[in-house]
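Participant: I'd like to go over a predicted model; first the sequence, then the structure.
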Amino acid sequence: MSGFGDFALSPLVLRSIGELGYETPSPVQAQAIPPVLDGRDVLAQAQTGTGKTAAFALPIIHRLAGRGNPPKGAGRRIRAVVMVPTRELAVQVCESFLKYAKFATLRIIAVYGGVNQALQVRALRHGVDVLVATPGRMVDLMEQGFINLEKVETLVLDEADMMFDMGFAPNLNFIMDRMPEKRQNLLFSATMPGPIEQLARKILKDPARIDTAPERTPLEIIDHRVSMVPREEKADALVAYLRSVELDRAIVFTRTKHGADRVARILAGAGFATEAIHGDKRQNIRHRALAAFKGGYVRVLVATDIAARGIDVSGVSHVVNHDMPLDAETYVHRVGRTGRAGASGAALSLCAPEERKLLLAVERLVGKRVPVLPYKGTGRPRGPVVETRRPFEESRLPGKGRSARARR
Ligand code: AMP
């Protein structure tokens, strides 16, 4: 496959991706677009940042736009549904669809929780072709009679593993029970744990199987490091690390909302333009923080896992795990924020002695040891003492000299 022109995509789709500057299909696009165009079911293991949105959006737009103009207003029926786990992802997938469908006359909207439903209801009343939705809000709106799924032709389950982790399986069953049984199902998941395999067996008919993981996983192109840091020194270590690297944009992960706020305050105090996003923040504030981060006004985004899942920001140079993730798959999702679209990135995990078990779980999943970036401590055991040592050895920082052999 050399270019998008080799797919049987309509000119209006090719025009929009041409304008966006996409030249070569990514591996997931090369493998998924032909079967989706043929109307087949697809089971794809692909992570965010691999171009999977276009992999399902382009053929869906091609097929829907190729049927002439549907009736206007309420007579227009939802023909494609994309289920996603988080509001951020709903907004992002919807924005991508709108970009790809720039030259088609399709109505594409997103419905998600955390905001007043009135605008979403009004948009639904105007008629919709493609609906992007989070499961909770979708069920709410269906129960109120605002959404009719009788004419759905294609269902996409995006980030299916995350939807299961978040407990959305019953909502998804409710939703699928109200769609025509004869439809195309596309299931995308970063990982394929047992429940996802079972779901795939239940709903997919003779699916095209796509696994882009072995291609160039984020895990391979990212410089991963771990520093053993006592819990009480983590904030100091984080500040020291961010000061010592060539920082473009960084995402710092914390386990709790409270932790995100606290770390953001410390970073702001240390002079970094910082914002925190998590589930307790109002939706418009999260939007604004994300926009500022995308725009480069905010250099460090502190986030909890759920708030950050699926966020697509290019140019994230560093990911720091202030807290070790509770499971290894979350590690993969977190570090997948950097090293996108082939660019390399760096990921540092700050691991307290009591978190060692979690580090071992990560190493088991990744299949190798994570090299150590030696951390020597701040040299101030207690009280406001001047820094006496450099916390990180400069020569061992990614991009600053040869890397050290792992020692722990
Ligand atoms: P996704 O995995 O769908 O979130 O896409 C990741 C990023 O890659 C997005 O910013 C897309 O705009 C971009 N992208 C997707 N497909 C291509 C492509 N074929 N060429 C260049 N950029 C792409």
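Facilitator: Sure, I can see it.

Participant: can you give me the helices in the stretch 301-408 of the chain?
Facilitator: Counting by DSSP state H, counting those that start in this stretch, residue ranges of the helices within the stretch 301-408 of the chain are 305-308, 328-335, 356-366.

Participant: now render these as CSV, adding distance to Arg286.
Facilitator: Backbone N, C-alpha and C define where each C-beta goes, glycine included. Conversion of the helices of the stretch 301-408 of the chain to CSV gives the following (distance: least, C-beta to C-beta, whole Å):
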stretch, distance to Arg286
helix 305-308, 7
helix 328-335, 18
helix 356-366, 27
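
Participant: can you lay out those as JSON lines showing mean pLDDT and mean neighbour count?
Facilitator: Converted to JSON lines, the helices of the stretch 301-408 of the chain look like this (pLDDT from 0 to 100; neighbours: other C-beta atoms under 10 Å):
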{"stretch": "helix 305-308", "mean pLDDT": "78", "mean neighbour count": "22"}
{"stretch": "helix 328-335", "mean pLDDT": "85", "mean neighbour count": "22"}
{"stretch": "helix 356-366", "mean pLDDT": "88", "mean neighbour count": "16"}
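
Participant: okay, the ones you listed in CSV with distance to the ligand next?
Facilitator: Shown next, in CSV, are these (distance: least, C-beta to the nearest ligand atom, whole Å):
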stretch, distance to the ligand
helix 305-308, 13
helix 328-335, 13
helix 356-366, 21
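
Participant: what residues does this structure have near the ligand?
Facilitator: Counting by C-beta under 6 Å from any ligand atom, the residues of the chain close to the ligand are 22, 24-26, 29, 48-54, 312, 314, 341.

Participant: ok, the residues you listed vs Glu159, which is closest?
Facilitator: Distance to Glu159 across the residues of the chain next to the ligand (C-beta to C-beta) is lowest for Thr48, with 7.4 Å.

Participant: surely the closest one and Glu159 touch.
Facilitator: Yes. The pair Thr48 / Glu159 is scored as a contact, 7.4 Å apart, by C-beta atoms under 8 Å.

Participant: so which of these two has more stuff around it?
Facilitator: Using other C-beta atoms under 10 Å, the more surrounded residue of Thr48 and Glu159 is Glu159, with 26 against 23.

Participant: name the nearest residue to that one, ignoring sequence neighbours.
Facilitator: Nearest non-adjacent residue to Glu159, counting by C-beta to C-beta, 6 or more residues apart in numbering: Pro85, 5.1 Å away.

Participant: now swap in Ile203 and tell me
Facilitator: Asn185 (5.2 Å).

Participant: in a strand, that neighbour, correct?
Facilitator: Yes. Applying DSSP: H, G, I helix; E, B strand; the rest coil, one finds Asn185 inside a strand.

Participant: change the start of the numbering to 702 and stick with it
Facilitator: That works, and once the first residue is 702, the last one we named lands at Asn886.

Participant: doesn't Gly740 make contact with it?
Facilitator: No. Counting by C-beta under 8 Å, Gly740 is not a contact partner of Asn886; they are 10.9 Å apart.

Participant: those two - which one has more neighbours?
Facilitator: Asn886 (21 against 12).

Participant: so what's that one up against?
Facilitator: Asp742, Val743, Thr855, Leu856, Leu858, Ile904, Leu905, Lys906, Pro908 (C-beta atoms under 8 Å, 6 or more residues apart in numbering).

Participant: for stretch 926-944, list every residue counted as buried.
Facilitator: Across stretch 926-944, burial judged by 16 or more other C-beta atoms under 10 Å covers 926-930, 934-943.

Participant: got the CA positions of stretch 871-879 in CSV?
Facilitator: What follows is stretch 871-879 as a C-alpha-only set of coordinates in CSV (Å, rounded to 0.1, in the frame of the first residue of the first chain):
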residue,chain,number,x,y,z
PRO,A,871,-24.2,-3.4,31.0
ASN,A,872,-24.7,-0.1,29.2
LEU,A,873,-23.1,-1.5,26.0
ASN,A,874,-25.4,-4.5,26.1
PHE,A,875,-28.4,-2.2,26.6
ILE,A,876,-27.3,-0.1,23.6
MET,A,877,-26.6,-3.1,21.3
ASP,A,878,-29.9,-4.7,22.2
ARG,A,879,-31.6,-1.8,20.6
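
Participant: ok, residues contacting it?
Facilitator: Contacts for stretch 871-879 (C-beta under 8 Å, 6+ apart): 782, 784, 836-837, 839-840, 843, 850-851, 856, 858, 864, 904.

Participant: count of neighbours near the closest residue to Asn1022 other than its chain neighbours?
Facilitator: Nearest residue to Asn1022 in three dimensions, chain neighbours excluded: Ser1050, at 4.1 Å (C-beta to C-beta, 6+ apart). If you count neighbours by other C-beta under 10 Å, Ser1050 ends up with 27.

Participant: can you tell me how far Arg983 is from the ligand?
Facilitator: 25 Å (C-beta to the nearest ligand atom, to the nearest Å).

Participant: what helices and strands are in contact with the helix or strand containing Lys935?
Facilitator: Using DSSP states H and E, the element containing Lys935 is helix 935-945. Helix 935-945 sits against helix 958-970, strand 1019-1022, strand 1046-1052, with contacts defined as 3 or more C-beta pairs under 8 Å, 6 or more residues apart in numbering; DSSP states H and E.

Participant: let's verify His925: helix, strand, or coil?
Facilitator: Taken by three-state DSSP, the conformation at His925 corresponds to strand.

Participant: what sits against it?
Facilitator: Val1036, Ala1047, Ala1048, Leu1049, Ser1050, Val1067, Val1071, Pro1072 are the contacts of His925 under C-beta under 8 Å, 6+ apart.

Participant: I'd guessed the third one sits against Val1017; true?
Facilitator: Right, Ala1048. No. Contact criterion C-beta under 8 Å: Ala1048 and Val1017 do not qualify, at 10.0 Å.

Participant: the two - which one has more neighbours?
Facilitator: Ala1048 (27 against 24).

Participant: for that one, list each beta-bridge partner.
Facilitator: Beta-bridge pairing for Ala1048 (DSSP bridges): His925, Val1020.

Participant: next up, the contacts around it.
Facilitator: Ile923, Asp924, His925, Arg926, His1019, Val1020, Val1021, Asn1022, Arg1035, Val1036, Thr1039 are the contacts of Ala1048 under C-beta under 8 Å, 6+ apart.

Participant: between the helices of the stretch 1002-1109 of the chain, which one is nearest to Asp949?
Facilitator: Using C-beta to C-beta, those put helix 1029-1036 closest to Asp949, at 15.7 Å.
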